[in-house]
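Peer 1: next comes the sequence, and after it the predicted model I'd like to discuss.
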Amino acid sequence: MEFQPIKKDPKSWSVQPNLLDYEQTYAAFSWDQIHHELDGLPNGGGINIAHEAVDRHANGPLRDKLALRWLGKDGEVMDFTYGDLKEQTSRFANVLRSFGVQKGDRVAVLAGRIPELYVAALGALKNVSVFCPLFSAFGPEPIYQRLMRGEAKVLVTTKLQYKKKIVEIWERLPALKAVLIADIDEDLTENVYSLPKLMAKASPEFTIPPTDPEDMSCLHFTSGTTGMPKGAIHVHQAVYVHYMTAKYALDLHPDDIFWCTADPGWVTGTSYGVIAPLVHGVTNIVDEAEFDADRWYTILQDQKVTVWYTAPTAIRRLMRLDIKPLEVYDLSHLRFSASVGEPLNPEAVVWGKAVLNLIIHDNWWQTETGGIMISNYSSADIRPGSMGRPLPGITPAILHRDENGNVEIETRPSVEGELALKPGWPSMFRGYINDLERYKKCFVGGWYFTGDLAERDEDGYYWFIGRADDIIKTAGHMVGPFEVESALLEHPSVAEAGVIGKPDPVIGELVKAFVAIKPGYDPCEELRTELLGWGRKKLGSAVAPKEIEFVEYLPKTRSGKIMRRLLKSRELGLPEGDTSTLETTG
Ligand code: AMP
């Protein structure tokens, strides 16, 4: 079905968009201009994300403005003004100091969306130590991999997470010196402390040390296809991109009430669920609970949310329900909405317009880019199904390359190729931690290769085609097949495992494992249930396979690599493509 462009009508704007003329803003843009719109540390001390997000507002007229409203899953509400956040994050920075945590040391947080997570993230940045979020639905194995690779020195978590996941892996984590527990009043055991107690003792005064724009700020793990997760290193000057993109792609204005539904365990939840709204001095809504349609619509209504940043999986969940939201809820404050993380079906854009009277603006970026790179804009017409056009300061291209590293730019419209970006924007990742080789491989011929396939139409709109690799996107979360296969292989019955993303109408893809079992085991229902449970226990619900199929053997290349692409084509009943490297015996 052809989807017609959606025209924007300036008469319907309740506020004037920040980006009024795309072409003109793109052409005239300079990072210098953005630099001047931010503050910088006093006395030429550099640029620190926490200063831009918290202290500069707390030291000025926004001191008593509501910075963060936390909605607990059981109905509690906690409000933090910019002044409150300054005090809390300063206390946390002092707590880190008391443990000898220094510039560049990693501070991991494993927790749901609790207030302490936000305080720890910003407090760690104040101390110029590095915020490393861990998704709370990860099981012990993904957590171990990330803490170990990130060499985290301190972990902030809850009592339950600690008992369920950390106790069993800590002895394999020599760098981890202390665990700070958010929900206990007394220390638990040696090196396991009550965070509230530490916070109460810590001074509320903290002067942010000089921060180089290139000092490491966040370590975000993302999945690979061939190996364990990679820790993407980000730096403090990424804040220029957080600010600029929230201005142009999310159209934030000073009086906005902003809600980003992403969890800070993933990069969107940090860049836009913590940093960007605070840098803009707006009110940031945080909901602790998981998706629930009535709850979400009620939050949009009661909190008078004006700008909403969410994800295709959530939108598709809302689309499936038989509710006419505008007849039940007052969503009249909602002015702008955007979506990221997976392809946003054109049907979803049309649904948003028809059912919410709201255009959902798709945008594209990834862990490595640190901020939004391609977007639809408040003032510009929408082509449903397109990710939009590049942000000012960002130069993407559709490229082709050969094995010798020769790169050719695709100039014809609507021809598929690899989506690449010209390096140099401030929030570009600066490396994968302790993995220079993998980092270097991303750059060829002066371009950063994103791992996505896309095309560009004659007017410069980008259209997503798919991943160039085997990475799975399930409910917006990246899952590396290798990580799942490794966990399954640890089960005594499993000889081989191959994991793919199987298309799913709601969550995009679901994790499906093909398993060949060892002689002596019976491929029965009981074993399947046991393996599903094994996956959940080791990997956690966000990563574990949802389907397991027993096979006699897995298709492999002659060099022994599992051909996941072939597994996927077979699953989907598609042509098998080039199988010349397929090993003929099992
Ligand atoms: P992550 O690094 O976990 O944020 O995942 C980034 C990947 O998600 C991208 O490389 C894409 O494959 C996918 N992605 C993100 N945004 C979009 C979008 N708007 N449309 C299609 N795919 C997207």
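Peer 2: Sure, I can see it. Numbers count the residues shown, from 1 in each chain.
Peer 1: can you pull the residues of the stretch 201-350 of the chain lying near the ligand?
Peer 2: Within the stretch 201-350 of the chain, the positions lying close to the ligand (Cβ under 6 Å from any ligand atom) are 222, 266-267, 340-344. (Glycine included, C-beta is placed from N, CA and C.)
Peer 1: look up how far Glu526 lies from the residue located most distally from the centre of the chain.
Peer 2: The outermost residue of the chain relative to its centre, with distances by Cα atoms, centre = their mean, is Gly520 at 42.5 Å. For Gly520, the distance to Glu526 equals 15 Å [Cβ to Cβ, to the nearest Å].
Peer 1: my read is the residue farthest from the centre of the chain is in a helix, agree?
Peer 2: No - counting by DSSP: H, G, I helix; E, B strand; the rest coil, Gly520 is not found in a helix; it is coil.
Peer 1: can you pull the pLDDT of it?
Peer 2: Listed pLDDT for Gly520 reads 95.
Peer 1: next one: Thr584
Peer 2: On the pLDDT scale, Thr584 gets 55.
Peer 1: so Asn284 is in which element?
Peer 2: strand 283-287 (DSSP states H and E).
Peer 1: what packs against that strand?
Peer 2: With contacts taken as 3 or more Cβ pairs under 8 Å, 6 or more residues apart in numbering; DSSP states H and E, strand 283-287 sits against strand 66-71, strand 257-260, helix 276-279, helix 293-302.
Peer 1: rebuild those as JSON lines, extending it with mean pLDDT.
Peer 2: Formatted as JSON lines, the helices and strands packed on strand 283-287 follow (pLDDT from 0 to 100):
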{"stretch": "strand 66-71", "mean pLDDT": "98"}
{"stretch": "strand 257-260", "mean pLDDT": "98"}
{"stretch": "helix 276-279", "mean pLDDT": "98"}
{"stretch": "helix 293-302", "mean pLDDT": "98"}
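Peer 1: flag every buried residue along the top helix by length along the chain.
Peer 2: Ranked by residue count, the top helix of the chain under DSSP state H comes out as helix 82-98. By 16 or more other Cβ atoms under 10 Å, the buried positions in helix 82-98 come out as 82-96.
Peer 1: what is the mean pLDDT for stretch 165-175?
Peer 2: 98.
Peer 1: which residues touch that stretch?
Peer 2: With contacts defined as Cβ atoms under 8 Å, 6 or more residues apart in numbering, stretch 165-175 is touched by 110, 138-140, 143-144, 147-148, 151-153, 155, 157, 176, 179.
Peer 1: at 6 Å instead, please
Peer 2: 140, 143-144, 147-148, 151, 153 (Cβ atoms under 6 Å, 6 or more residues apart in numbering).
Peer 1: please apply the same query to stretch 316-330.
Peer 2: 293, 297, 301, 351, 506.
Peer 1: how many neighbouring residues does the first one have?
Peer 2: When neighbours are counted by other Cβ atoms under 10 Å, Ala293 registers 14.
Peer 1: cool, and the last one?
Peer 2: Using other Cβ under 10 Å, Val506 has 13 other residues around it.
Peer 1: tell me which element the spatially closest residue to it that is not a sequence neighbour falls in.
Peer 2: Spatial nearest neighbour of Val506, chain neighbours left out: Arg316 (5.0 Å); criterion: Cβ to Cβ, 6 or more residues apart in numbering. Here Arg316, judged by DSSP H and E, is contained in helix 312-320.
Peer 1: what's the angle between that helix and helix 293-302?
Peer 2: Interaxial angle of helix 312-320 relative to helix 293-302 (axes from the mean of the first three to the mean of the last three Cα atoms, to 10 degrees): 100 degrees.
Peer 1: pull the CA atoms of helix 312-320 into CSV?
Peer 2: Extracted in CSV, the C-alpha atoms of helix 312-320 (Å, rounded to 0.1, in the frame of the first residue of the first chain):
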residue,chain,number,x,y,z
PRO,A,312,7.5,1.3,17.9
THR,A,313,6.8,-1.8,20.1
ALA,A,314,4.8,0.3,22.5
ILE,A,315,2.9,2.1,19.7
ARG,A,316,2.1,-1.3,18.2
ARG,A,317,0.8,-2.5,21.5
LEU,A,318,-1.4,0.6,21.8
MET,A,319,-2.6,0.1,18.2
ARG,A,320,-3.9,-3.4,19.0
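Peer 1: in that helix, what's buried?
Peer 2: 312-318.
Peer 1: let's have those in TSV, adding pLDDT.
Peer 2: Formatted as TSV, the buried residues of helix 312-320 follow (pLDDT from 0 to 100):
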residue	pLDDT
Pro312	96
Thr313	95
Ala314	96
Ile315	97
Arg316	95
Arg317	95
Leu318	96
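Peer 1: which of the residues you listed lies closest to Pro426?
Peer 2: For those, the residue nearest Pro426 by Cβ to Cβ is Pro312; the value is 27.3 Å.
Peer 1: tell me how far that closest one lies from Lys502.
Peer 2: Distance from Pro312 to Lys502, by Cβ to Cβ: 17 Å.
Peer 1: then Pro142?
Peer 2: For Pro142, the distance to Lys502 equals 20 Å [Cβ to Cβ].
Peer 1: would you mind naming what in the protein lies close to the ligand?
Peer 2: 222, 266-267, 340-344, 362-364, 366-367, 387, 450-452, 464, 467, 473, 478.
Peer 1: narrow those to those in strands?
Peer 2: 222, 362-364, 450-452, 464, 467, 473, 478 (DSSP state E).
Peer 1: please give the element, helix or strand, for the nearest residue to Ala108 once chain neighbours are set aside.
Peer 2: Distances taken as Cβ to Cβ, 6+ apart place Ala152 nearest to Ala108, at 3.9 Å, with adjacent residues excluded. Counting by DSSP H and E, no helix or strand carries Ala152.
Peer 1: what's the burial count for the residue lying closest to Ser386 once chain neighbours are set aside?
Peer 2: Leaving aside its sequence neighbours, Ser386 sits nearest to Tyr461 (Cβ to Cβ, 6+ apart; 4.4 Å). Residues lying near Tyr461 (other Cβ under 10 Å) number 22.
Peer 1: any idea how far Leu421 is from Tyr461?
Peer 2: Distance from Tyr461 to Leu421, by Cβ to Cβ: 16 Å.
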